[in-house]
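Enquirer: coordinates for the following, if possible.
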Amino acid sequence: MRHGKSLAILLPFVLSGIWAPTIMARQSILSRVYSVTATLSGLVHHPANWVGHTVLVRGKLVGCPYRLPGPCASWQPVLADPASAGESLPVLVRWARPSVDHSTQVVRWGAVGIYRVQLRIVASGPGVSRPTYVAILGDAVP
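Expert: Predicted coordinates:
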């Protein structure tokens, strides 16, 4: 029985030692805000460090301001770098279901903001001259 009490006392410390670095690493990734230009540079030079990760990116969301397909259904929204003309990252907006969850992020078309995006690779391989990346802006609300 003594070993059971010792294990019960030590278990929270062991688990915190295992999970703390993971939690701290995730928080440090989401605490830093990257410019669009820095994000694109990271994707080009070190894609393995960026693809699949969720990061905060500061940029101007440019695209069709309508939630449902309409006259501008073929537009590709982008996150443009306000400090560097011409630098932009294609965006896929995933609209959130109505809820009281505070994890949603407000889409502000034409305005500079900080967006939580997950970076994905869309096209790569033998027939592709250079990989194409997209930023998935999830949990979006108009």
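Enquirer: helices and strands of the chain: which one bottoms out on pLDDT?
Expert: When the helices and strands of the chain are scored by mean pLDDT, DSSP states H and E, helix 2-31 comes last with a mean of 50.
Enquirer: C-terminal to that one, what's the next element?
Expert: Sequence-wise, the next helix or strand beyond helix 2-31 is strand 33-35, with elements assigned using DSSP states H and E.
Enquirer: ok, that following strand: who's next to it in the sheet?
Expert: Looking at strand 33-35 with DSSP bridges, its paired strands and their directions are strand 54-62 (parallel).
Enquirer: and the very next helix or strand once past the strand it pairs with, average pLDDT?
Expert: Past strand 54-62, heading to the C-terminal end, the next element that is a helix or strand (DSSP H and E) is strand 78-80. Looking at strand 78-80 alone, the average pLDDT works out to 93.
Enquirer: what's the answer for stretch 40-60, then?
Expert: In the prediction, stretch 40-60 has an average pLDDT of 94.
Enquirer: how about the CA coordinates for that stretch, as CSV?
Expert: As requested, C-alpha coordinates have been extracted for stretch 40-60 and formatted as CSV (Å, rounded to 0.1, in the frame of the first residue of the first chain):
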residue,chain,number,x,y,z
LEU,A,40,6.2,32.6,-46.7
SER,A,41,9.9,32.6,-46.2
GLY,A,42,9.6,29.9,-43.5
LEU,A,43,7.5,27.8,-45.8
VAL,A,44,10.0,28.1,-48.7
HIS,A,45,13.2,27.5,-46.7
HIS,A,46,12.0,25.2,-43.9
PRO,A,47,8.7,23.7,-44.9
ALA,A,48,8.9,20.8,-42.4
ASN,A,49,9.0,23.3,-39.6
TRP,A,50,5.8,25.1,-40.8
VAL,A,51,3.5,22.8,-42.7
GLY,A,52,0.8,21.3,-40.5
HIS,A,53,1.4,23.8,-37.7
THR,A,54,-1.0,26.5,-36.4
VAL,A,55,0.5,30.0,-36.2
LEU,A,56,-0.6,33.6,-35.7
VAL,A,57,-0.1,35.7,-38.9
ARG,A,58,-0.6,39.4,-39.2
GLY,A,59,-2.0,40.5,-42.5
LYS,A,60,-4.8,42.1,-44.5
